[in-house]
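[1] for reference, the sequence and a predicted model appear below.
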Amino acid sequence: MSRRHGIPHQHGPFRFENDPSGAGRIVFRGRDAKGVLDPVALDSLRSAIGEAREDDCRLVFLESRLPFLFAAGADLRMLLELTPAEAADLAKEGQKTFAALARIRKLTVAIIDGHSLGGGLDLALACDLRFATPRARFGHPGVRLGIVTGWGGTVRLPRLVGLPEARKIFYSGDAIDASEAYRIGLADRVAGLPALRRHAIKISASHPSWPAVRSLRRRLLASEGDPARRRFALGVRNPRANNDSALKRTPQP
């Protein structure tokens, strides 16, 4: 398919664009400064992934235009109003969307220049690589709010950094900085934005046989399994409730 020359073809929180370098970009602008990943955002992300899939670029950047924020998770106020069935549906929608990103036949690089928290971290984990600026922060604060991620993070994060490091992130709810993320393998590179983009473009341009790269990606995805097949509903409780109403992770058929 011919290139679209940087013209965005949708108007949701996520848009697909072409970069002057020849790469594609999925850009998150958010509907407000909070950067939540609500059903509208997930729907626009699926559309952007579909456009990226049809484009002839080899490399897709995933980045945010929100100041100091890559992406947050789901809207907490909305989650507290969901029924168990609605929470399960939201979990499945997020899983399907992030799985579509993970399976796209492109090299995907998350450019993280701010906070990547909760579902925002799950989104970054669905990319092949995560490049961070020094001010990037990574975390899963859901345990402090009575929320358990249902978007694949509990599968992808331990496989990426190992179970002991993943436990620290999930159990503490604390955010880690870019240098710590690089140390444990969560961030693949830490530098300024221009240097990160140049390095990603260099990686994508350095392979004379792109079909071999695609084949390698398929094999790597197959080796790690599909987090979307390990379906877990979003566990939500009222933060004001007693401890005996603790979170429960509910397997879905």
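    Noted; the coordinates are in hand. Residues are numbered from 1 along each chain as shown.
[2] and Leu117, bridged to which residues?
    Note on Leu117: beta-bridge partners Gly139, judged by DSSP bridges.
[3] just Arg15 next, same as before
    Here Arg15, judged by DSSP bridges, has bridge partners Val27.
[4] next one: Arg130
    Under DSSP bridges, the beta-bridge partners of Arg130 are Ala110.
[5] ok, it touching Ile112?
    Yes: counting by CB atoms under 8 Å, Arg130 touches Ile112, with 6.1 Å between them. Where C-beta positions appear, they are placed from N, C-alpha and C, glycine not excepted.
[6] same drill for these two, tell me which one is more crowded.
    Taking neighbours as other CB atoms under 10 Å, Arg130 and Ile112 compare with Ile112 leading, 31 against 28.
[7] show me the helices in the stretch 1-150 of the chain, by range?
    39-54, 76-79, 84-103, 119-125, 142-145 (DSSP state H, counting those that start in this stretch).
[8] identify the contacts common to Arg130 and Ile112.
    Ala124, Ala187 (CB atoms under 8 Å, 6 or more residues apart in numbering).
[9] distance of the residue lying closest to Leu45 once chain neighbours are set aside from Gly162?
    Nearest in space to Leu45, with sequence neighbours left out and distances taken as CB to CB, 6 or more residues apart in numbering, is Phe14 at 4.3 Å. Going from Phe14 to Gly162 by CB to CB, to the nearest Å gives 30 Å.
[10] and if you look at Val40?
    As for Val40, its distance to Gly162 is 35 Å (criterion: CB to CB).
[11] pull the contacting residues for Arg189.
    Contacts for Arg189 (CB under 8 Å, 6+ apart) come out as Leu129, Phe131, Ala132, Tyr182, Leu196, His199.
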